[in-house]
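1. Quick one: sequence and predicted model below, then my questions.
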Amino acid sequence: MEVVIVPDAKAGGELIAEAMAELLRRKPEAVLGVATGSTPLPVYQALAARVQAGDVDTSRARVAQLDEYVGLPAEHPESYRSVLRREVLEPLGIPAGSFLGPDGTAADISAACEAYEADLAQVGGVDLQLLGIGTDGHIGFNEPCSSLASRTRIKTLTEQTRVDNARFFDGDIDQVPQHVITQGIGTILEARHLVLLATGEGKAEAVAQTVEGPVSAFVPASALQLHRHATVVVDEPAASKLKLADYFRHTYAAKPRWQGL
Ligand code: PGA
C-alpha cells in the first residue's frame with residue numbers, strides 16, 4: 001500500500017479531495033464511498049470548495065454509505081444518513097436520490113443488508129472508498145476479529161467504540177446504539193480505490209499495525225494490505241509510530257505526479 005505523510009489534517013483533506021475531483025472529472029457518475037466521524041470532514045470541506053469554485057461537477061456523482069446505526073430513526077441527527085446529508089450531500093450539491101445506504105430501521109436487518117449489497121452491485125460498485133480508522137483498528141464498523149471475507153451485516157460495537165462515539169450523543173454512552181450495519185471487509189475490498197485517512201496521535205498505534213503489522217482480523221484495517229490500490233494518508237502525529245516513515249516520505253516525494261494518488 002502507499003503511505004502518504006502530510007503535515008496536517010487540512011493537507012490530507014486537500015490531497016484526497018483532489019483525488020476525488022480527478023475521479024469525477026474522468027467519470028462524472030462515479031460512486032464515492034464516504035465515511036462518517038471527525039476525520040473525513042476536511043476532505044468534504046475541500047471538495048465542497050472545489051465544487052463552489054466550479055472546478056468539479058458533482059451533480060451526477062453517487063454517494064454510498066459505509067455503515068449505519070441500527071435502530072436510530074433516519075431523521076435522528078446522529079443517524080449516519082442524516083450526518084451524510086448534512087456533511088456531504090448538501091455541501092456538494094448531490095441530489096438525495098443519488099444516495100445509497102442500508103436501512104438501519106428495517107424490521108428485517110439481514111434482508112436490509114442483502115438489499116444494500118445488491119444496490120452497490122447494481123451501480124457497478126464503489127470507485128473510491130474513503131475510510132477512517134478506529135483506535136481499535138476498525139474500518140467501517142468492522143470491529144476486531146471481523147472476518148476478512150465479511151459482507152454487509154449487523155455488528156455489535158465494542159465498548160471502546162461506544163466510548164469514542166459518545167461525544168456525538170451528549171457524552172452519554174447509553175445513547176450510543178449497541179448495534180450497527182456495516183459494509184463487510186470483503187465488501188470494502190471490492191472498491192476500486194481505498195483511501196484511509198488517519199489524523200492525531202490517538203491513531204498512531206492502529207496505523208502502525210495496519211501498515212507494518214501482519215494481516216490480521218484482529219486489526220481489521222490491515223486487510224488493506226490485500227488490496228491492489230490502497231492509499232493511507234496520515235498526518236505527522238498519526239505517522240509517529242511508523243518504522244518506515246522516512247522511506248514513505250522519500251517515496252512520495254519522488255513519485256511521478258502523473259500517477260496521482
Ligand atoms: P473518527 O472515527 O474519524 O471520528 O476518529 C473513525 C472511525 O471510527 O472509523
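-> Okay, I see it.

2. C-alpha only now, for contacts and for neighbours.
-> OK.

3. and this structure, which of its residues are near the ligand?
-> 37, 38, 39, 132, 133, 134, 139, 140 (Cα under 6 Å from any ligand atom).

4. For the residue nearest to residue 98 when sequence neighbours are not counted, give me phi and psi.
-> Distances taken as Cα to Cα, 6 or more residues apart in numbering put residue 62 closest to residue 98, at 4.8 Å, once the chain neighbours are dropped. Dihedral pair for residue 62: phi -110, psi 150, per degrees, to the nearest 10.

5. Beta-bridge partners for residue 62, please?
-> On the basis of DSSP bridges, residue 62 is bridged to residue 31.

6. ok, it touching residue 30?
-> Yes - with contacts counted by Cα atoms under 8 Å, residue 62 reaches residue 30, the gap being 6.2 Å.

7. How far does stretch 199-206 stretch from one end to the other?
-> Across stretch 199-206, the terminal residues are separated by 11 Å (Cα to Cα, to the nearest Å).

8. got the contact list for it?
-> With contacts defined as Cα atoms under 8 Å, 6 or more residues apart in numbering, stretch 199-206 is touched by 8-9, 39, 133-137, 219, 234-242.

9. Could you rerun that using 7 Å?
-> 9, 39, 135, 136, 137, 234, 235, 237, 238, 239, 240, 241 (Cα atoms under 7 Å, 6 or more residues apart in numbering).

10. Let's verify residue 181: helix, strand, or coil?
-> Recorded secondary structure, residue 181: strand (DSSP: H, G, I helix; E, B strand; the rest coil).

11. Can you give the contact residues for stretch 52-61?
-> 21, 25, 28, 29, 30, 31, 50, 51, 92, 93, 94.

12. mind putting the residues of the chain next to the ligand in TSV, neighbour count and distance to residue 204 included?
-> Formatted as TSV, the residues of the chain next to the ligand follow (neighbours: other Cα atoms under 10 Å; distance: Cα to Cα, whole Å):
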residue	neighbour count	distance to residue 204
37	15	17
38	10	16
39	19	14
132	24	13
133	23	10
134	25	11
139	27	15
140	27	18
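
13. Strands of the stretch 101-250 of the chain, residue ranges please.
-> Secondary structure of the stretch 101-250 of the chain (DSSP state E, counting those that start in this stretch): strands at 128-131, 153-156, 179-182, 193-198, 230-235.

14. Can I get the ones you listed in a markdown table including distance to residue 248 and mean pLDDT?
-> Formatted as a markdown table, the strands of the stretch 101-250 of the chain follow (distance: least, Cα to Cα, whole Å; pLDDT from 0 to 100):
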| stretch | distance to residue 248 | mean pLDDT |
| --- | --- | --- |
| strand 128-131 | 20 | 98 |
| strand 153-156 | 34 | 98 |
| strand 179-182 | 31 | 98 |
| strand 193-198 | 15 | 98 |
| strand 230-235 | 11 | 98 |
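
15. Compare those and give me the one nearest residue 77.
-> strand 179-182 (15.9 Å; Cα to Cα).

16. and the closest one, which strands flank it?
-> strand 67-69 (antiparallel), strand 153-156 (antiparallel).

17. That one: which residues count as buried?
-> Within strand 179-182, the residues that count as buried by 16 or more other Cα atoms under 10 Å are 179, 180, 181, 182.
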